[in-house]
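[1] coordinates only, sequence not included:
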């Protein structure tokens, strides 16, 4: 805005305030007056009514009020709003024509896509007819139908018309993929530089014709995935070979060689006293922890309170603490397990099953394959899950701490809850 124009506007507003006159009252009186001296001002408002309405409509504070006013006038058109109702109907006609144009364009794009799909299907059928190895489309459709539990007769029909591979080929493809994933699991887990994440899932098998005796079934099973650890290299790989050192000072150890790391609340209090993150470096400055809390308070005010939204551009990012670089995380899904996680024995069975899938064990176990399996007795294994999983694993460690081998007393388990469950625990503590 020009400086001179801003000064004029300030003078006009100051004059209005001295006479207890608002801009809205000024406009109402100009439009409602029939005096000839006000005719030029009245004509200025009426000829620029569209620009004024557009400016009010685009304003974030007046947008909802203008929209509600327009809807009310349209609904009451027979009581004096007929002209405006006609204008609204003309605008609706324009909008309807625009919508029709959009629908026609979308229909044309959809028809073009369908034509391409049909062309690809026809070419794939012809190629597979002359050469059975040209079966990319048929293989994908067959694998999809196998995963969707399509009846075998339907699959056979699709295979006859050239839209799917045979049932035997589908079973062979599933077996081949399973063997490939099993090799990947063993290759990654045997490095002892990967963690496990597992949780339960429920499946309801509905009966086609339910009866009192056969209403379907409900199965609770387990799913798990292998997560390679980030940042492990030849310089710090020995950090994971610390099972014995951690067990020597573990509170579950019946005869620790050194005092446990954490035994009571006084130990945690001492940690807070020695924590540099909570210590003020200068009397006139906040500590790093207080700075983080103050940033979150400012973020809540700016993002949630209407009167502080104009400070959003001034809200910078909080100071980072041990930031992990952005990187791609690779996950390898494990085989599903028909095991109930809700029990303590179920969690033990899950971990033993995962270790068998990964090819790691204790040399003292009867099923240890010295030629292929890897000794895990000196290493720690990171386990991720929810809070219930942590409770069950803690119960196992408390009751099995007197066992003789590291694997039997679960001393290798280092549990790390997920971020969501960690926040839930913090909220519950507060």
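    Thanks, I have the structure now. Owing to the predicted nature of the structure, the values given are computational and were not obtained by experimental measurement.
[2] and stretch 304-324, how far from the chain's centre?
    Going by C-alpha atoms, centre = their mean, to the nearest Å, the spacing between the C-alpha centre of stretch 304-324 and its chain's C-alpha centre is 21 Å.
[3] also stretch 204-211?
    Relative to the mean C-alpha coordinate of its chain, stretch 204-211 is positioned 33 Å out (C-alpha atoms, centre = their mean).
[4] so what touches that stretch?
    Around stretch 204-211, the neighbours that count as contacts under C-beta atoms under 8 Å, 6 or more residues apart in numbering are 214-219. Yep, even glycine has a C-beta here, placed from its N, CA and C like the rest.
[5] next step: these restricted to helices.
    Using DSSP state H to define helices, no part of the contacts of stretch 204-211 is located there.
[6] for those, which two are the farthest from each other?
    By the measure C-beta to C-beta, those have their two most distant members at 214 and 219, which lie 15.1 Å apart.
[7] remind me which helix or strand residue 289 belongs to.
    Counting by DSSP states H and E, the element that carries residue 289 is helix 288-304.
[8] for the stretch 301-430 of the chain, which segments count as helices?
    With DSSP state H, counting those that start in this stretch, the ranges of helices along the stretch 301-430 of the chain come out as 344-358, 387-399, 419-429.
[9] assumed residue 137 was part of a strand.
    No: when classified by DSSP: H, G, I helix; E, B strand; the rest coil, residue 137 is found to be helix rather than part of a strand.
[10] from residue 394, how far off is it?
    With the distance defined as C-beta to C-beta, to the nearest Å, residue 137 ends up 51 Å from residue 394.
[11] same question, residue 225
    According to C-beta to C-beta, residue 225 and residue 394 sit 22 Å apart.
[12] more neighbours, those two?
    Here residue 225 and residue 394 are compared on neighbour count by other C-beta atoms under 10 Å; more neighbours surround residue 225, at 18 against 15.
[13] where does the more buried one sit: helix, strand or coil?
    When the rule is three-state DSSP, residue 225 gets the label strand.
[14] identify the bridge partners of it.
    Per DSSP bridges, residues listed as beta-bridge partners of residue 225: residue 197, residue 333.
[15] list the contacts of it.
    With the criterion set at C-beta under 8 Å, 6+ apart, residue 225 makes contact with 196-198, 331-334.
[16] from those residues, which is closest to residue 234?
    Within these, proximity to residue 234 (C-beta to C-beta) peaks at residue 332, which comes in at 22.4 Å.
[17] what sits against the residue nearest to the closest one when sequence neighbours are not counted?
    Taking C-beta to C-beta, 6 or more residues apart in numbering as the measure, residue 332 lies nearest to residue 226, with 4.3 Å between them; neighbours along the chain are not counted. For residue 226, the residues meeting the contact criterion (C-beta under 8 Å, 6+ apart) are 185, 188-189, 194-196, 331-334, 358.
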